[in-house]
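A.B. asks: sequence and predicted model, in that order:
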Amino acid sequence: MTGLAISGWRIAMTRLAIVAIVLAAWEALAASGLLFRDVVPSLVAIVQALWRLLGNPDFYANLGITGAEIGMALLIGGFAGLAAGILLGANRFLSRAYEALVYYLGPTPKIIFFPVMIMWFGVGTGSKIAMGVVSCFFPIAISAASGMRQIDRVLIRVGRSFRASAWQMVSKIYLPAMRAPLVNGIRLGLGVAIIGTLLAETKLSNRGIGYLIIQAYSTFDMPRMYALLIVLFVLSIGANAIISRLGAAKSPRAA
Amino acid sequence: MSGITLAASRSAARVVGAVTVLAAVALVELAIRGGAINRFIVPLPSEILLAIPRIIVDENVLHRFWQTTQEILWASLLLAVVGIPLGLLLYRVRILRLACETWVAALAAAPIVLTYPLFLVIFGRSATTIVMIGFAAGVAPVILKTIEGLVSTRKVLTDVGRSFRLSPAQQFWKILLPAALPSVFVGMKLGLILAMINIVGIEFLINFGGLGQLINELAERYDLPGTYGAICFVVLTSIVFFDVTERLERWLRPIE
């Protein structure tokens, strides 16, 4: 390496310095009274709220509900997206006929379907799961379709020459060969499923993390709201990182 | 396969796609008329179609469309004047980039739109809140793609600049920026699409502003054909928006 290389230690120190500056600026802003009181609460208040939140069994009950909704949404939307993606990726005619639909409906705001989902699935968890499904179906279907097209033709011919059944083709050839794009699709799908489910919870619900956030907002309990958002960000960034590790690990042809 | 048969099969596939959608709509219409689907949950597709002209006239859709467009334009302006310089800063100050790039990437994966109650507290229930959320949701890809474009400038180009003894400013305007533009445009496109999705979504959630609010209002009035019609209208609008940004990005991208 040349003299331009920057040691890990210096990077760590820079990070530490940035965090320290941001925290100090935050605390100064909180003390200055420039913004309405409590819009930027003191860090002490936020840490206290975080502590109370993490010690509260009620929080875990709501977290469990939201987690179950997201998991269910990912399960349903993931399988539907995977099936649609494999069909679209495997068959050129189907792809030309229907892929534009998936491609163009993908980047539309999904939350606007929420009134319809309430009518179809009720005001309870059903409509939240449906929002998650509608959100995560598209990225997973699009990634699976493009993953299918990237599969080495030789692998497919090997499968056919072994007279693999349709199910064997999917489980032994397609899925292992398209792991990386598929995992990426699931990662994107999880991200939008979290957003879809939680936004729906903030709009209309009586439990779940989204409900807790909007409740903290309506009672103007800002430290609690910050604490909830911090937990939510840590959990979703963490889940995202874990899934991308899964995609990166033991990928034989990545190099 | 010859070119003509290929084109024929391609357009045949498109026709099949369109016919499937129409057939599905017709099937729903029949199922509702036959009583298999409750018409108080799903209105007749023909009623939805008839409702669209009504909501366009009665609900002032053009004005709402303009409101949403303005919010998107403001957000895109912010994305350009804040996101691109931030990317530039991180490129220039290498230690900052090494320290922060993974943070920005993590931010791109974070559900930023869920902080909207926070924006409501700071900016009130106003267009500013909506614009700021659109900006916050779209800024990470703009920063990341700007850095990517600058970093991947071919060394031979910067060497040419150096051999002409360009000043740092000339080096930036004549070499780095043009070389990075394609990637910057990709970042702006991603940021814009994210901003649009979040702006319409927040309009719906906080019941304020343009097209998103229209859906919320019609749903609260329990105007079923109107709600479904407005959703179709907004979906179509966002598809057009998506298509236009994609074309714009392709058109702006210099030939490599």
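C.D. replies: Here it is on my side, so go on.
A.B. asks: what about residue B:66, neighbour count?
C.D. replies: Burial of residue B:66 is recorded as 12 neighbouring residues (other C-beta atoms under 10 Å in any protein chain shown). Just so you know, the C-beta spots here come from the backbone N, C-alpha and C atoms, and that holds for glycine as well.
A.B. asks: please report phi then psi for it.
C.D. replies: Backbone torsions of residue B:66, given as degrees, to the nearest 10, read phi -70, psi -40.
A.B. asks: the closest residue to residue B:91 other than its chain neighbours sits in which helix or strand?
C.D. replies: Nearest residue to residue B:91, sequence neighbours excluded (C-beta to C-beta, 6 or more residues apart in numbering or on different chains): residue B:150, at 4.3 Å. For residue B:150, the host element (DSSP states H and E) is helix B:127-151.
A.B. asks: count of residues packed around the residue nearest to residue B:91?
C.D. replies: Residue B:150 is flanked by 21 other residues according to other C-beta under 10 Å.
A.B. asks: right, and it touches residue B:176 too?
C.D. replies: Yes. Under the criterion of C-beta atoms under 8 Å, residue B:150 makes contact with residue B:176 at 5.9 Å.
A.B. asks: next, the buried residues of the lengthiest helix in chain A.
C.D. replies: Counting residues, the longest helix found in chain A (DSSP state H) is helix A:57-90. Buried residues in helix A:57-90, counting neighbours by 16 or more other C-beta atoms under 10 Å in any protein chain shown, are found at A:59, A:62-63, A:65-67, A:69-70, A:72-74, A:76-78, A:81-82, A:84-90.
A.B. asks: can you check stretch B:244-255 too?
C.D. replies: B:245, B:249.
A.B. asks: contact partners of it?
C.D. replies: For stretch B:244-255, contacts defined as C-beta atoms under 8 Å, 6 or more residues apart in numbering or on different chains pick out B:178, B:181-182, B:185-186, B:188-189, B:192-193.
A.B. asks: element containing the residue of the stretch 151-255 of chain A found nearest chain B, please.
C.D. replies: In the stretch 151-255 of chain A, the residue that lies nearest chain B is residue A:217 (3.7 Å; C-beta to the nearest C-beta). Using DSSP H and E, residue A:217 sits in helix A:209-218.
A.B. asks: the next helix or strand after that helix to helix A:57-90, inter-axis angle?
C.D. replies: Next in sequence after helix A:209-218, counting helices and strands by DSSP H and E, comes helix A:222-248. Here the directions of helix A:222-248 and helix A:57-90 differ by 40 degrees (axes from the mean of the first three to the mean of the last three C-alpha atoms, to 10 degrees).
A.B. asks: any part of helix A:222-248 near chain B?
C.D. replies: Yes. For helix A:222-248 and chain B, the contact criterion (C-beta under 8 Å from any C-beta of the partner chain) is met by A:222, A:225-226, A:229, A:232-233, A:236-237, A:240-241.
A.B. asks: what's the helix holding residue B:150 packed up against?
C.D. replies: Helices and strands touching helix B:127-151, by 3 or more C-beta pairs under 8 Å, 6 or more residues apart in numbering or on different chains; DSSP states H and E, are helix B:61-78, helix B:84-92, helix B:94-109, helix B:116-123, helix B:177-206.
A.B. asks: picking up where we left off before, now rank the residues of helix A:222-248 next to chain B by neighbours and give me the top one.
C.D. replies: Of all these, residue A:225 has the most neighbours under the rule other C-beta under 10 Å, reaching 25 neighbours.
A.B. asks: state the distance from the residue lying closest to it once chain neighbours are set aside to residue A:38.
C.D. replies: Using C-beta to C-beta, 6+ apart and skipping the chain neighbours, the partner closest in space to residue A:225 is residue A:216 (3.9 Å). Distance of residue A:216 to residue A:38, given as C-beta to C-beta, to the nearest Å: 11 Å.
A.B. asks: give me the more crowded residue out of these two.
C.D. replies: Set side by side, residue A:216 and residue A:38 show more neighbours around residue A:216, with 21 against 15, by other C-beta under 10 Å.
A.B. asks: I'd say that one and residue A:228 touch.
C.D. replies: Yes. Between residue A:216 and residue A:228 a contact is recorded at 6.2 Å, counting by C-beta under 8 Å.
A.B. asks: list the contacts of residue 128.
C.D. replies: All of this is about chain A. Going by C-beta under 8 Å, 6+ apart, residue A:128 touches A:69, A:73, A:197, A:200-201, A:205, A:208.
A.B. asks: nearest the geometric middle of chain A, what residue?
C.D. replies: residue A:191 (1.6 Å; C-alpha atoms, centre = their mean).
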